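*Asks:* no sequence on this one, just coordinates:
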């Protein structure tokens, strides 16, 4: 696993530009490197054979099996890791999708396997699907509102988002509007709101990060939709 991770990272360093919008602008890989990669991991694509990242096939296949948009999952991967498979955050999140060990345990996956790209993307898809199912958003909600609320839950935790929706409903506002939910997420830093009896997860001080996350991922998703078909 360690050898695979090191080789994968070395290849991706050549293949992608760490801060670029689209990984297709990376430097060309050598035939030797591609041959080594093919033997090591068939999920990675050589330059010129992908649109968003070298993980197009892997992300597309797993996402479609789970019923998620692979371009959205790619946008999450870019934001989380810039398509770098072997990084670990200070909080302990790992891999392409920055999966926490607690998520792996939730889906009965050994923590040691979280950094594996296929496992990592699978866990992210399972988590997104579970969030969507748990939220039970109505059919009439706009796609942007639906996506924003789900992404906010992916980033900050479904508990805080659910609290914000409860507060919205308590105050006679639409709990299915991202604009409304985002405002109440911000208000959850105020004791006048987080001490409400409908709030179950207490104070929330990460609203600025969560709102920026949602805006960034959706903006990148929109761009990926323009360059990549379904």
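*Replies:* All right, it came through fine. Only a predicted model underlies this, so the values are computations on that prediction, with no experimental measurement involved.
*Asks:* what separates residue 166 from residue 194, distance-wise?
*Replies:* 11 Å (C-beta to C-beta, to the nearest Å). Heads up, the C-betas are built off the backbone N, CA and C, glycines and all.
*Asks:* Flag the helix or strand of the chain with the lowest per-element mean pLDDT.
*Replies:* helix 31-40 (a mean of 38; mean pLDDT, DSSP states H and E).
*Asks:* Can you tell me how far the nearest residue to residue 124 once chain neighbours are set aside is from residue 197?
*Replies:* Using C-beta to C-beta, 6 or more residues apart in numbering and skipping the chain neighbours, the partner closest in space to residue 124 is residue 97 (3.7 Å). The spacing between residue 97 and residue 197, counted by C-beta to C-beta, is 35 Å.
*Asks:* if you count what's nearby, which of those two comes out ahead?
*Replies:* residue 97 (27 against 7; other C-beta atoms under 10 Å).
*Asks:* Before we go further, the more buried one is sitting in a helix, right?
*Replies:* No: going by DSSP: H, G, I helix; E, B strand; the rest coil, the assignment for residue 97 is coil, not a helix.
*Asks:* ok, it to residue 181 distance?
*Replies:* 23 Å.
*Asks:* for the spatially most central residue of the chain, what are its contacts?
*Replies:* Per C-alpha atoms, centre = their mean, the C-alpha nearest to the average position across the chain is that of residue 76, at 3.4 Å. Residues counted as contacts of residue 76 (C-beta atoms under 8 Å, 6 or more residues apart in numbering) are 97, 124, 151, 154, 217.
*Asks:* repeat for residue 62
*Replies:* With C-beta under 8 Å, 6+ apart, residue 62 has these contacts: 73, 118, 121, 122, 125.
*Asks:* Return the set of buried residues in stretch 109-121.
*Replies:* 109, 114, 115, 116, 117, 118, 119, 120, 121 (16 or more other C-beta atoms under 10 Å).
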